[in-house]
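J.: turn this into a structure:
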Amino acid sequence: MKLEELIHPEDASTLKTLKSIPALPKIMEKVFQYGYDEISWSENVTTNLRLSETQMPEIYNHLPPICERLGIPVPELYLQMSPIANAWTSGHTKTYIVLTLGLIRRVKGEELDAVLAHECGHILCQHVLYQTLANAVFSFGDAIADSLVGLVGNAAMKPIRHALIAWSRASELSADRVACMFTSAETLARALVRISMIPKNIVDIMDIRAWAEQGKDYEALKDGTAWNKIVHWMANSDVDHPYAPVRAYEALLWEKTDTCNRLRTESVRFEAIEKHDVVQQGSTLLEKGTEVATTGANAIMEKGAELSAKGSALMDKGLEITKNVKLGSIIPKLKKNKGI
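T.: So this is what the prediction gives:
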């Protein structure tokens, strides 16, 4: 099984567009140079609850079987005490998944499996590097642009923001396909409904497939008149996730494919998948950032050693002068000035 069979076409095409932007490598280098990945992990580990076999195992134990099936390392799993139902994956160098309290109160059983499989799908599809970049650009884009004056600066940030938003939307569709492999498109869709904060008594009686048809109607705008295409573009231009009915419709559509059915019936592991060039690019940037940081640290240490040597020389000179001064000539002056 090749990764390309799993990746949604829009994911592949928007990533290609993103990577074609000339300023992208320089901005990625700055993100890793500033340590954004490490800062995010540090904030996460100090504010959220890390789950394990002994810490809320009823939640954690859903995760390892999914990772085993995909042939990926089990990432750290955290619980954030937010009432908003949400989940996300972060950390290119040290990957982790975060679930919110609002989510685990609303999503249980197979629906929780679907959510976790979706997040593991981001890891499998090598999305985490560009997710890290997107989070950094959305959070600190102006600061990054200011640091690039004379190189690319603010002029480069607008197209990169738009390209990252478009890719982020498309990447969710690939991760949803992984969720379908473990549960079903309808289970994923029901989880999406709950995450959308629709009341439980409504969710329990909803016709999920009819709701997904609303997503189909919306997507049909892309194939309509020129004005409809503009409306569709404007509605999507600032959202980094597809609308929930669209995701449900896409999942139900993919569930009918031979690829999805084969993945469900075979004992599929992805150990043989060649790593995306994204990973190699991320590793190169990480090495570059480390090199820059090390060079800077060494320069500071060398300067410090130089100043320390000069300080020692001055101290020696001071001691030499002190020894040559006659105490008799100093004591009267000290008495006059009310010293001693």
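J.: and this structure, what are its domains?
T.: Using automatic domain parsing, the domains assigned to the chain come out as 3-274, 276-340.
J.: deepest in the core, which of the ones you listed is it.
T.: Stretch with highest mean neighbour count among the domains of the chain: domain 3-274 (a mean of 17; mean count of other CB atoms under 10 Å). Bear in mind the C-beta positions are built from the backbone N, C-alpha and C, glycine included.
J.: rounded mean pLDDT for it, please.
T.: For domain 3-274, mean pLDDT rounds to 88.
J.: report the distance from it to the chain centre.
T.: 9 Å (CA atoms, centre = their mean, to the nearest Å).
J.: with stretch 2-22 instead?
T.: Relative to its chain's centre, stretch 2-22 lies at 17 Å (CA atoms, centre = their mean).
J.: first-to-last residue distance for that stretch?
T.: 28 Å (CA to CA, to the nearest Å).
J.: how about stretch 91-104?
T.: 22 Å.
J.: quick thing: my sequence starts at 22, can you match it?
T.: Let's use 22 as the start, then, which means that last one is stretch 112-125.
J.: I would like the residues contacting that stretch, please.
T.: By CB atoms under 8 Å, 6 or more residues apart in numbering, the surrounding residues in contact with stretch 112-125 are 58-59, 61-62, 65, 69, 80, 84, 94, 96-111, 133, 136-137, 140-141, 144, 149-150, 153, 216, 303, 307.
J.: kindly recompute the last result at 7 Å.
T.: 58, 61-62, 65, 69, 80, 96-111, 136, 140, 144, 149-150, 153, 216, 303, 307 (CB atoms under 7 Å, 6 or more residues apart in numbering).
J.: narrow the residues you listed to those in helices?
T.: 58, 61-62, 65, 80, 136, 140, 144, 149-150, 153, 216, 303, 307 (DSSP state H).
J.: from these, which is closest to residue 205?
T.: residue 136 (13.5 Å; CB to CB).
J.: what's near enough to touch that closest one?
T.: 108, 124, 128, 212.
J.: my guess is the first one meets residue 138, correct?
T.: Spelled out, it's residue 108. No: using CB atoms under 7 Å, residue 108 is not in contact with residue 138, being 11.0 Å away.
J.: identify the contacts common to the two.
T.: With CB under 7 Å, 6+ apart, residue 108 and residue 138 have no common neighbours.
J.: ok, back up a step: go through the contacts of residue 136 and name the one nearest residue 195.
T.: The closest of these, once distances to residue 195 are taken by CB to CB, is residue 108, at 15.9 Å.
J.: thinking again about what came up before, of the ones in helices among the contacts of stretch 112-125, which pair is most distant in space?
T.: Maximum distance among the ones in helices among the contacts of stretch 112-125 (CB to CB): 32.3 Å, for 216 and 307.
J.: grab the nearest non-local neighbour of residue 28.
T.: Leaving aside its chain neighbours, residue 28 sits nearest to residue 195 (5.0 Å; criterion: CB to CB, 6 or more residues apart in numbering).
J.: contact partners for that neighbour?
T.: 27-29, 32, 142, 146.
J.: just those residues: which are in helices?
T.: 32, 142.
J.: take the contacts of residue 195 and lay them out in TSV including distance to residue 117.
T.: Rendered in TSV, the data for the contacts of residue 195 read as follows (distance: CB to CB, whole Å):
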residue	distance to residue 117
27	22
28	23
29	24
32	22
142	15
146	17
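J.: return the subset of the contacts of residue 136 lying in strands.
T.: residue 108 (DSSP state E).
J.: and of the contacts of residue 136, the nearest to residue 51?
T.: Nearest to residue 51 among the contacts of residue 136 is residue 108, at 28.2 Å by CB to CB.
J.: how near is residue 79 to residue 255?
T.: Going from residue 79 to residue 255 by CB to CB, to the nearest Å gives 44 Å.
J.: I should have written residue 281 there, sorry.
T.: According to CB to CB, residue 281 stands 32 Å off from residue 255.
J.: repeat for residue 178
T.: Taken as CB to CB, the span from residue 178 to residue 255 is 21 Å.
J.: one more: residue 136?
T.: In terms of CB to CB, residue 136 sits 30 Å off from residue 255.
J.: contact partners for residue 250?
T.: 242-243.
J.: which SSE is it in?
T.: Using DSSP states H and E, residue 250 sits in helix 247-257.
J.: after that helix, which helix or strand is next? Please name it.
T.: Next along from helix 247-257, by DSSP H and E: helix 265-276.
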